[in-house]
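**Student:** just the structure for this:
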Amino acid sequence: MVDHVTVSSDYPLESYTVVGSQSAFAFTFTVFEKANIHVKVGEVELAQSAFTFTGSTSRVGGYQGGTVTLNTAATD
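**Tutor:** Numbers count the residues shown, from 1 in each chain. Here you go, the predicted model:
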């Protein structure tokens with residue numbers, strides 16, 4: 001028996017509207033490492049060093065969701 005794995009070619013996206021000041025943003029999609037996460041504030045993509053990532057380890061590797069925390073809070 002041959003096992004098959006399907007990998008989506010769609011990029012998951014979660015968008016947030018900040019009212020006041022906010023630095024932590026939860027997401028639910030799977031990532032394999034921090035480098036897979038791209039964060040934009042407005043139209044500016046942040047450097048990987050501008051945020052931290054904590055995730056829930058998946059049993060098959062990578063992370064099933066997590067939280068991105070900006071080093072400098074986003075404001076409205």
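**Student:** from the contact counts, what lies against the longest strand belonging to the chain?
**Tutor:** Ranked by residue count and defined by DSSP state E, the top strand of the chain is strand 63-75. Other elements packing on strand 63-75 under the criterion 3 or more CB pairs under 8 Å, 6 or more residues apart in numbering; DSSP states H and E are strand 21-31, strand 51-57. C-beta coordinates here come from the backbone N, C-alpha and C atoms, glycine included.
**Student:** any idea of the angle that strand forms with strand 21-31?
**Tutor:** Interaxial angle, strand 63-75 versus strand 21-31 (axes from the mean of the first three to the mean of the last three CA atoms, to 10 degrees): 160 degrees.
**Student:** run the angle between strand 63-75 and strand 51-57 for me.
**Tutor:** 150 degrees.
**Student:** what residues does strand 63-75 touch?
**Tutor:** 18, 20-32, 37, 39, 41, 46, 49-58 (CB atoms under 8 Å, 6 or more residues apart in numbering).
**Student:** let me see the mean pLDDT of it.
**Tutor:** Throughout strand 63-75, pLDDT has a mean value of 92.
**Student:** buried set for it?
**Tutor:** Within strand 63-75, the residues that qualify as buried are 63, 66, 68, 70, 74, counting by 16 or more other CB atoms under 10 Å.
**Student:** tell me the one of the residues you listed nearest residue 14?
**Tutor:** Set against residue 14, the nearest of the buried residues of strand 63-75 by CB to CB is residue 68 (9.3 Å).
**Student:** beta-bridge partners for that closest one, please?
**Tutor:** residue 25, residue 53 (DSSP bridges).
**Student:** so how far is residue 59 from it?
**Tutor:** 22 Å (CB to CB, to the nearest Å).
**Student:** residue contacts, residue 15?
**Tutor:** Here residue 15 is in contact with no residue (CB under 8 Å, 6+ apart).
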